[in-house]
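> Task: produce atomic coordinates for the following.
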Amino acid sequence: MKKLYQFAISAIVLTAVVLLGGPSVLAQSRTVDEVRTNETEQRSAVRCERVQQSLETRTTRVSLAATNQTALYERLNGRIANVIAGADNRGFPTDTLRSAQTEVAQRITDFGLAADVYTASLSESAAITCDESVARYSAAIAVSRQNIQSVRTAAIEVRTTFQEQVIPALREFKVWLEENQPTTEQE
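This next block holds a predicted model:
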């Protein structure tokens, strides 16, 4: 009977300790896991917010840089048009210059379109919230990476067109001017 009495008292004490002593070990481990999960979620949210801010900043910078670069290209193309007008007035055959200008204008348009597509893809990437799927975000970033390559390629094509078509045509005009310029002899 003594053993049954000790067993009953220990069961009552154990029940009292569990009920009055706070949550069980299992409940405490769940609480710790919940705290860890909340901290992880908070860190992820902060990182996500930083990435979105970075993408928005990059979108603004890229848009401004593309606008400035396109304006520079347009100014150069305008100067080529002025040279063509002057060459026409002097009687120089401007077919080469005109074809070079047309090619440059096309390359400038291609550059502007590529820059617009890249800026749009950056904006789309920034618009994806962190609550949405990671796969969708990763796909948007991959598209942006491809689009920046298109922008770089288009910029190289503009530069190459200037170097391979416009500059030789302008040099040809310069040589023609030197040959057909009336010289005055100083005595």
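> Which residue, other than its chain neighbours, is closest to the residue positioned nearest the centre of the chain?
Note on the chain: the residue nearest the mean C-alpha position is residue 122, at 5.0 Å, using CA atoms, centre = their mean. Nearest non-adjacent residue to residue 122, counting by CB to CB, 6 or more residues apart in numbering: residue 59, 4.3 Å away. (Glycine included, C-beta is placed from N, CA and C.)
> Give the full set of residues in contact with that neighbour.
Residues near residue 59 by CB atoms under 8 Å, 6 or more residues apart in numbering: 119, 122-123, 126.
> 6 Å - rerun?
119, 122-123 (CB atoms under 6 Å, 6 or more residues apart in numbering).
> Kindly report the same for residue 117.
By CB under 6 Å, 6+ apart, residue 117 lies in contact with residue 147.
> Give me the secondary structure label for it.
In three-state terms, and counting by DSSP: H, G, I helix; E, B strand; the rest coil, residue 117 is helix.
> ok, back up a step: and the residue nearest to the centre of the chain, what helix or strand is that in?
According to DSSP states H and E, residue 122 maps onto helix 95-127.
> Buried residues, that helix. List them.
96-98, 100-101, 103-105, 107-108, 110-112, 114-115, 117-119, 121-126 (16 or more other CB atoms under 10 Å).
> Just give me the neighbour total for residue 160.
11 (other CB atoms under 10 Å).
> On the secondary structure side, give me the element for it.
Using DSSP H and E, residue 160 sits in helix 134-161.
> name the helices or strands packed onto that helix?
If you count contacts as 3 or more CB pairs under 6 Å, 6 or more residues apart in numbering; DSSP states H and E, helix 134-161 packs onto helix 95-127.
> quick one: the helix it packs on to chain centroid distance?
Relative to the centre of its chain, helix 95-127 is centred 15 Å away, using CA atoms, centre = their mean, to the nearest Å.
> so where is the chain shaky, pLDDT-wise?
Within the chain, the ranges that satisfy pLDDT under 70 run 1-2, 4-5, 7-37, 129-133, 182-187.
> now the angle between helix 134-161 and the helix holding residue 122, please.
Inter-element angle recorded for helix 95-127 and helix 134-161: 160 degrees (by axes from the mean of the first three to the mean of the last three CA atoms, to 10 degrees).
> Numbering from 2 from now on, please.
Taking 2 as the first residue, the last one we looked at is helix 96-128.
> still on that earlier bit, tell me which of the contacts of residue 60 is nearest to residue 172?
Residue 172 lies nearest to residue 120 out of the contacts of residue 60, by CB to CB, at 36.1 Å.
> so what's the closest one closest to, chain neighbours aside?
Counting by CB to CB, 6+ apart, the residue nearest residue 120 is residue 64, at 5.0 Å.
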